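[1] Give me the fold of what follows.
(2 chains)
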Amino acid sequence: MLVSLNWLKELVQLHGTPAEIAERITLAGLEVEAVEQVGSLLDGVVVGHVLTCDRHPDADRLSVCTVDIGAEAPVRIVCGAPNVAAGQRVPVATVGTELPVKLPDGSPLVIRKSKIRGQVSEGMICALDELGLGSDHSGIWVLDTTAAPGTALAEVTSLDVDHVLEVAITPNRPDATCHLGIARDLAAVANVPLRKPEPAIGDLPPADPADIRIRIEDADACPRYVGVVIRNVQAVPSPEPVRRRLEAIGLRPINALVDATNLVMREMGQPLHAFDLDRIATREIVVRSYGHETRFTTLDGHERTVPAGGLYICDGETPVALAGVMGGANSEIHNGTTQVLLESAYFEPRGIRKTAKAVGLQTDASYRFERGIDPTMARTAALRCASLIREWIPGAEVVSICDVEAKPFEAKHIRLRTSFVNRVLGTQLKTAQVVSILKSLEFGVGKPQADEVDITVPPFRPDVSREIDLVEEVARIYNYNEIPMPGTISFSRPTPLPFREIGLRRIREAAVRLGFREMYGNSLVPEEQAAPFAAEHERIRALNPISRDTTTLRPDLAPGFLKAAAFNFNREAEQVRLFEIGNIFRYNENGRWHPGVLEETHLVLGLGGQWTSAHWSVDDRPIRPTDLAGLVAGFLTHLGLESADRDVQGDQIIYSMGPAELGRLRTPDAAMRKTFDLDKPVAYAEFSVDRLLAAMEQRQHRAMTPVPKFPSVSYDIAVVVPAGVSAGELEATIRAKAGATLRGLTVFDVYEGKGIPEGHKSLAWRLTLREEAKTLTSKDVEAIISRVVSALENRHQARLRV
Amino acid sequence: MRSDIEALRSEVEAASLATPAELEAYRLRFLVKKSPLTELFSRLGSLPADERAAVGKPLNELRQSAQARYDAAKAVLGNGPAGPAKATDDWSLPPAMPALGSLHPVTLTLEEIKQIFFRLGFSVADGPELEDDFHNFTALNFPPEHPARDMQDTFFIRKDASDPTRDLLLRTHTSPVQIRHMLDRKPPIRAIMPGRVYRNEAVNYKSYFLFHQVEALYVDKHVTFAELKETLVMLAEMVFNRKVEYRMRPSFFPFTEPSLEMDIWYESPGQPGRWMEILGAGMVHPNVLQAAGIDPDEYSGFALGMGVERMAKLRYGIDDIRLLYENDVRFLEQFR
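    The predicted structure is shown next:
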């Protein structure tokens, strides 16, 4: 909300610079986000008397003038305005003056002595816009004055400087949606009186029922409704200072009537509305709602659908305003309006908010009503507004008032204990200090009894309802920064960190050690990227997504990795090696937090592009899924899960620990590669972090095992097998036959081609054998090898290759 | 065949390997594809299966020891002046760099903040990102139909017509974890709640529809606002690792009262200094304690929260928040 500093100064005595005042407002609880100067005193601009005015010898549209500016000799000024003439009194910006307008490059306009088409010019005769006083650039401003040349312009015309503060209003401060509210905080901080605007019209006679009758059908929704009848109005502009003030705080001046309602709203916080009284059928106002949905055209010309229960202001026949939100087109004032009904009412906040949300309209009025205005100010505000209308519109006649109070306001009382204030804040305030602060904020204060005092909450503070709210009021005016700090803190015995915290750190470290870079993917992905990973009924979608790219909660981390891989390949990355830890979401039978919703922390390890890049030391080649399988093996070993089962099923590897599946390693299929626009090989392994953690937690206390006392023996065998036999099958046989003595097993060569029969391949295995309790003899080794070889021959049609 | 093996072994052991020439002669005799050794291997296939292993073992050992002698001699000779250097022995060739892993800047920042909280005696708690209205709003003293709900634009997942507190949504802050944590145990409670949160906001360089927060909660007897202030100053000095100039402003959060925001005076090179908000905090509202089953007459507490991305941006001079979610390796590799 924009606030005028000059306006605040009318309401409370203020000292200090605009920045200092802004800081005071901020420290009392309303953050000032910006301070901007409006207007200028135009130092250096003086009254000039044009002595001569001749055509510029080399430019048709320019004139060369001699101007008396009160200096020893007249100055020569080149002027381009069509209306400049000898004898005029004009504003002259003298050399060195900085004008309050900006050049196209953003720098201020500074007047310098210069030559224009060969003629010396020592100053500038100004148009209104060049002085920051409007937008008129049709010609220079000819002053209506006889003041002596050299007189400061500020002395002959009303110039004022204001500062506009942009104040952030928190939802708990409905009282601060007007200048009076902000002035009240400043008055409390400085402990000086608040100067409330008093209506010039003290009171009015009750309205003649022939003029207006008001009936409230729903007293809870509208406890108070005040109407003022005003005659002989006309559409005239409001006074210049009023228009300037409204413009400064971001409002467009319309006419005196509308400007008066806006001014009072920004001054006191009461929204007002003017109906054309002649358009109120049967001269009757009924405040009511309908039990069904209705359609209504607001004064902005839009037809709106209002849900059942939305509160209306109706005349004798039909709705004329959507209460607290916007007036209707059918009762709006127009240029020919001669008499008005000025509405000033209190509407219950929740109803207004519901209606405003339903019709998608937030107005200055609904903004204030839904926060909760002062329920008791309707009459005062109406009188204040009527007074201004009478002052600003010649002949306007404020006739009468119709004030209906359907439900009286009851002030809240709160018992406040000084000991409670001190207990919460950690202070040693005295009751007198506490009471003084609350009084300065217009809280009613009873007679203190021992530790307690009865506090009456003023009607403009609906947010204050408990003792703790009063503590905040005291603290913010006292100034948070003045509350002494103890210098120490104390806390009870810390609890151990959950295993999850420790385990997550180990998981991240393991991935980083293996050369993976951490990525952060989006939790919301496009539908087509979620679809390959979860069935239709499993996918969770936002009801109100921002865009088509963020409709669906990720059911898997793979889409994030695949997207990142494609992104980096498009930017010449040779290899991507990324990991992410994050939550995945799907509708599912077994939700941990909410029934039917699975939310689980997952980990993805992704690898793509080149395994080795072109380099003199290695042969370059693209990645293979087994490269990732190796990294996964290292990863699981880092976590102490090297004993996890690894089950190769076609083109995926399933990792499990006992009955629990930990995760899977896969590659995207052709359709997925197309969806993600991938043209390089990628593989990814996705794990359930929750299950990894469970497995890790079971294995976290591992005693060291002794270093082997006896040496190991390695033995190489190369076997030729039919191409269809997988290494995994051979490995299973070797492991089964070699038993516990086998400590290491790897394939050191894979070969097919020359020397190997068609449809066959050769796998060369290195077995590392070791016994815990003795050195293996050649006999021991021979026995194992011959068992292994026979089984390979019998089961897999293998034959030894030499 | 055993005797052949023994004979070859003697020959291998007797060979002199004193010069590069002798070394090369040895290699050509024993270690090439066609050698007495490989010839013996090829005869292995013709033996009956039960003898194969018995013969194969010494043969394997012989091959290994022949290679080992060669390797050892070569290692010794390689140090001498003899023999031309191979092109790949050039130490000035650009070496290959192994793949280096790294952590995301948000993780690095969050972990550092967590370590600070651990030093201050806090533990850690977690909860779901997909929350219900009760935990995200109602229990945190956001009344239904209250403008405070507009402070946080919410992604809704599922509406529950019969009971709006069961609406499902993406949590807008990590505060619902406070509720879960308090409902789970009795005071004293001292824990942080880090995690991902969501706001339905347009994406631009300074705002993203998801980000990360870390909140802290302390509930015990006699917790005061003064102690909150002390904790915040300690925290700020530990986060920035220096004395900081700060101010505390009253603010509004439905779940704390009194509430505050803390600004620090921040000067970045070449720019005028300014107040910069780093966190929000306050005394836990009695309504919140009550909703979480804690007696507000017996206990009090404070809560605070900060945005991790904001800290990461400050720490690393990141000027566009979208970089954090693009996963460009050229960005990620800068953080170690």
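[2] can we go C-alpha only for contacts and neighbour counts from here?
    OK.
[3] Residue A:766 is in contact with residue A:748, correct?
    Yes - taking CA atoms under 8 Å as the definition, residue A:748 is a contact partner of residue A:766 at 6.8 Å.
[4] higher neighbour count, these two?
    It is residue A:766, of residue A:748 and residue A:766, that has more neighbours when counted by other CA atoms under 10 Å in any protein chain shown, with 17 against 11.
[5] Which residue comes closest to that one once chain neighbours are left out?
    residue A:716 (4.4 Å; CA to CA, 6 or more residues apart in numbering or on different chains).
[6] Who are the packing partners of the strand or helix carrying that neighbour?
    For residue A:716, the host element (DSSP states H and E) is strand A:713-722. Other helices and strands packing on strand A:713-722, by 3 or more CA pairs under 8 Å, 6 or more residues apart in numbering or on different chains; DSSP states H and E, are strand A:760-769, strand A:799-801.
[7] Now render these as JSON lines, adding mean pLDDT.
    Shown next, in JSON lines, are the helices and strands packed on strand A:713-722 (pLDDT from 0 to 100):
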{"stretch": "strand A:760-769", "mean pLDDT": "96"}
{"stretch": "strand A:799-801", "mean pLDDT": "88"}
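[8] Of these, which stretch is the most buried?
    strand A:760-769 (a mean of 20; mean count of other CA atoms under 10 Å in any protein chain shown).
[9] what's in contact with the following helix or strand past that strand?
    Heading C-terminal from strand A:760-769, the first helix or strand you meet, by DSSP H and E, is helix A:778-796. For helix A:778-796, contacts defined as CA atoms under 8 Å, 6 or more residues apart in numbering or on different chains pick out A:721-722, A:725, A:730, A:733-734, A:737-738, A:769, A:798-800, B:50, B:53-54, B:57.
[10] near chain B, which residues of the stretch 601-750 of chain A?
    The stretch 601-750 of chain A comes close to chain B at residues A:615, A:617, A:715, as judged by CA under 8 Å from any CA of the partner chain.
[11] Give me the nearest residue to the second one, chain neighbours excluded.
    I take that to be residue A:617. Sequence neighbours aside, residue B:96 is the residue nearest to residue A:617 in space, at 7.5 Å (criterion: CA to CA, 6+ apart).
[12] what number of residues lie near that neighbour?
    Using other CA under 10 Å, residue B:96 has 13 other residues around it.
[13] Over to the one 3 residues further on?
    Residue B:99: 16 surrounding residues under other CA under 10 Å.
[14] Show the pLDDT at it.
    Note on residue B:99: pLDDT of 91.
[15] Check what pLDDT the nearest residue to it once chain neighbours are set aside gets.
    In space, and not counting its chain neighbours, residue B:99 is closest to residue A:515: 4.9 Å by CA to CA, 6+ apart. On pLDDT, residue A:515 comes in at 97.
[16] Compute the distance between residue A:515 and residue B:102, please.
    With distances taken as CA to CA, to the nearest Å, residue A:515 is found 7 Å from residue B:102.
[17] and if you look at residue B:110?
    15 Å.
[18] neighbour-wise, which of the two wins?
    The neighbour count for residue B:110 versus residue B:102, taken as other CA under 10 Å, is higher for residue B:102 (25 against 22).
[19] residues contacting the more buried one?
    By CA under 8 Å, 6+ apart, the contact list for residue B:102 reads A:512, A:515-518, B:332-333, B:335-336.
[20] Take the residues you listed and, keeping just the buried ones, write it as a ChimeraX select command.
    Typed into ChimeraX, the line below selects the buried ones among the contacts of residue B:102, using 16 or more other CA atoms under 10 Å in any protein chain shown:
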select /A:512,515,516,517,518 /B:332,333
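[21] Tell me the one among the contacts of residue B:102 nearest to residue B:14.
    Of all the contacts of residue B:102, residue A:515 has the smallest distance to residue B:14: 48.3 Å, by CA to CA.
[22] so that closest one sits in a strand?
    No - Residue A:515: not assigned to a strand; according to DSSP: H, G, I helix; E, B strand; the rest coil it is coil.
[23] Low-confidence ranges, chain A, go.
    Within chain A, the segments meeting pLDDT under 70 span A:134-136, A:802.
[24] In it, what residue comes closest to chain B?
    residue A:515 (3.7 Å; CA to the nearest CA).
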